[in-house]
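Participant: Sharing a model prediction with you, sequence too.
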Amino acid sequence: MAAAPILARRIARSGVLPLCCRPPSWDRAPRQPPGLPLAPCRAFSNNKIQVELDESSGVAMMKFKSPPVNSLSLDFLTEFSISLEKLENDRACRGVIITSTIPKIFSSGLDIMEMCGKNVEHYGEFWRAVQEMWLRLYGSNMVTVAAVNGSSPAGGCLIALSCDYRIMAENPKFSIGLNEAQLGIVAPFWFKDTFVNVVGHRIAERSLQLGSLHPAPEALKLGLVDELVPEEKLLEKASAVMARWLALPDHARQLTKSMMRKAVLDHLVAHREEDIKNFINFISKESIQKSLRMYMEMLKKKKS
Ligand SMILES: CCCCC/C=C/C(=O)SCCNC(=O)CCNC(=O)[C@H](O)C(C)(C)COP(=O)(O)OP(=O)(O)OC[C@H]1O[C@@H](n2cnc3c(N)ncnc32)[C@H](O)[C@@H]1OP(=O)(O)O
């Protein structure tokens, strides 16, 4: 069965609009009828992600809660896209802070088991879900702040890079980067473009070729994250940053964001099917499967 209808059905079941049908959300300041008590906090939670929207500030707190390491499985990615779309369509929501409930881990990146020993249909469905997540997050009209409270390799780093602002816990044991080369795989052009847009071409090229994972202080020096704060201050700082960004008129900020990101988003939208085919061809290669299996074994050995 083709992958597109499967994801479309998953999303349709949730009542979420596909990206292309999303209404513009300029000037969506929270609407609070005068004289009423402050709007309450609204929450929704599914298996892997918990979301709480404070209607008085217009800010949602999104927390990854998928043990052991918040790996981005197909189910996780689908829940993530659905949660983003719900917030995007909620007139009360203007910004989202993304963080993790798992100690020491923001996200361990794409779930390697989704890319190992599966069939072509599965790879296609999985990759479409990765694309969908990125298109929604990178193309979001909301202010997005990543509060990176742990390690954040590869796909985890992509999530942070796709936000408008990154604050990381100052613990040097936490690292972040696009380390795909270390796994013997290659980050696709839109991971690379997102990275280049944050740190510039030279730093991105060196870091990608070496598959570097940068400890927090180095990530700050490279501009991969915008600031470091003590872990206990992370959410407080993220809220302060959010308030500063939300002080601007939505329409001006959103049009500026769109101007900065449009070329990169349009590139993937125009080449989505080709990108899925490339992923399937690449990941199905026996040599790549072997590299991934060896990497998983290495992770397990490291434990024992
Ligand atoms: C081909 C086109 C390009 C595709 C682009 C790819 C993007 C990606 O995101 S690829 C994934 C890259 N991710 C990584 O390299 C991270 C690997 N993981 C780690 O480095 C560590 O696990 C950690 C730093 C995230 C956490 O370390 P620690 O707290 O010591 O936990 P463990 O290493 O013991 O892991 C616990 C458990 O989770 C399994 N696991 C870890 N990461 C993943 C993952 N990305 N996918 C699936 N499973 C993962 C790990 O194997 C352990 O499993 P068990 O041994 O069964 O408990």
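Facilitator: Here it is on my side, so go on. Residues are numbered from 1 along each chain as shown.

Participant: For stretch 289-304, buried residues please.
Facilitator: 292, 295 (16 or more other C-beta atoms under 10 Å). To be clear about C-beta, it is placed using only N, CA and C from the backbone, and glycine gets the same treatment.

Participant: and that stretch, C-alpha only, in PDB?
Facilitator: This file holds the C-alpha atoms of stretch 289-304, laid out as PDB (Å, rounded to 0.1, in the frame of the first residue of the first chain):
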ATOM      1  CA  GLN A 289      21.900  -2.000   6.900                       C
ATOM      2  CA  LYS A 290      25.100  -3.500   8.100                       C
ATOM      3  CA  SER A 291      26.400  -0.200   9.300                       C
ATOM      4  CA  LEU A 292      23.200   0.500  11.300                       C
ATOM      5  CA  ARG A 293      23.300  -3.000  12.900                       C
ATOM      6  CA  MET A 294      26.900  -2.500  13.900                       C
ATOM      7  CA  TYR A 295      26.100   1.000  15.400                       C
ATOM      8  CA  MET A 296      23.200  -0.500  17.400                       C
ATOM      9  CA  GLU A 297      25.600  -3.300  18.600                       C
ATOM     10  CA  MET A 298      28.100  -0.600  19.600                       C
ATOM     11  CA  LEU A 299      25.400   1.200  21.600                       C
ATOM     12  CA  LYS A 300      24.500  -2.000  23.500                       C
ATOM     13  CA  LYS A 301      28.200  -2.900  24.100                       C
ATOM     14  CA  LYS A 302      28.900   0.600  25.500                       C
ATOM     15  CA  LYS A 303      26.200  -0.200  28.100                       C
ATOM     16  CA  SER A 304      27.700  -3.500  29.300                       C
END
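
Participant: centre of the chain versus it, how much separation?
Facilitator: Relative to its chain's centre, stretch 289-304 lies at 25 Å (C-alpha atoms, centre = their mean, to the nearest Å).

Participant: for it, what is the average pLDDT?
Facilitator: The predicted model assigns stretch 289-304 a mean pLDDT of 93.

Participant: ok, now stretch 258-266?
Facilitator: pLDDT averaged over stretch 258-266 gives 98.

Participant: what sits up against it?
Facilitator: 135, 138-139, 190, 193-194, 197 (C-beta atoms under 8 Å, 6 or more residues apart in numbering).

Participant: Return the members of those classed as buried.
Facilitator: Among these, those classed as buried by 16+ other C-beta under 10 Å are 135, 138-139, 190, 193-194, 197.

Participant: what distance separates stretch 235-243 from the middle of the whole chain?
Facilitator: That offset, for stretch 235-243, works out to 18 Å (C-alpha atoms, centre = their mean).
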